[in-house]
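A.B. asks: just to be clear, the model below is a prediction. Sequence and coordinates:
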Amino acid sequence: MAMFGKLGRYQNFGLLVMRIGLGAMLILHGKDKLFGGVDTWTNLGHAMGKLHIHFAPAFWGFMCAITETIGGLFCMLGLWFRLVCMLLVINFIVAALHHYTTIDKIKEAAHAIELACTFFGLLFVGAGAYSVDRS
């Protein structure tokens, strides 16, 4: 359409808006997990059992919380963006498996699946021109 034809010039701004929005939400959801302490991390880490990884659940839960919180910050900044996207994809795949197998099947897993797909796509697209580590 001619009406939207010139929006392609602003694709880097669009990526910036996506990064800021997704990163802010990741920080909001992740900070409670990060500051929740060992009990919270242990509960989160038990989701790794879906992948038959049953050792050190507190470590895995802490890694989940760090990935979500610090990954959200790095996502907003565009710092190490593709690495962060890869870690978030793994994080949300584990979350989707956990929700799908334990809670309410696809209804609860949908959000994690959507975010895994989003970050998988962003892994290929990159952070755009408005990022800290722009090359």
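C.D. replies: Perfect, thanks for sending it. Keep in mind that what you see is a predicted model, and the values were worked out from it rather than measured.

A.B. asks: so which residue is smack in the middle of this protein?
C.D. replies: residue 88 (3.7 Å; C-alpha atoms, centre = their mean).

A.B. asks: from residue 102, how far off is that one?
C.D. replies: From residue 88 over to residue 102 the distance is 21 Å, taken as C-beta to C-beta, to the nearest Å. All C-beta spots, glycine's among them, are computed from the backbone N, C-alpha and C.

A.B. asks: next: residue 116.
C.D. replies: For residue 116, the distance to residue 102 equals 17 Å [C-beta to C-beta].

A.B. asks: looking at the two, which is more packed in?
C.D. replies: Under the criterion of other C-beta atoms under 10 Å, the comparison of residue 116 against residue 102 puts residue 116 first, with 20 against 14.

A.B. asks: would you confirm that that one contacts residue 85?
C.D. replies: No. Using C-beta atoms under 8 Å, residue 116 is not in contact with residue 85; the gap is 10.1 Å.

A.B. asks: what helix or strand does residue 12 sit in?
C.D. replies: Per DSSP states H and E, residue 12 falls inside helix 11-34.

A.B. asks: actually residue 2, sorry about that
C.D. replies: Residue 2 belongs to no helix or strand, assigned by DSSP H and E.

A.B. asks: burial of it, as a residue count?
C.D. replies: 5.

A.B. asks: again, but for residue 108
C.D. replies: 15.

A.B. asks: and residue 22, by the same measure?
C.D. replies: Count around residue 22 with other C-beta under 10 Å applied: 19.

A.B. asks: likewise for residue 77?
C.D. replies: 17.

A.B. asks: what does the pLDDT read for it?
C.D. replies: pLDDT recorded at residue 77 is 95.

A.B. asks: with adjacent residues omitted, what lies nearest to it?
C.D. replies: residue 132 (4.6 Å; C-beta to C-beta, 6 or more residues apart in numbering).
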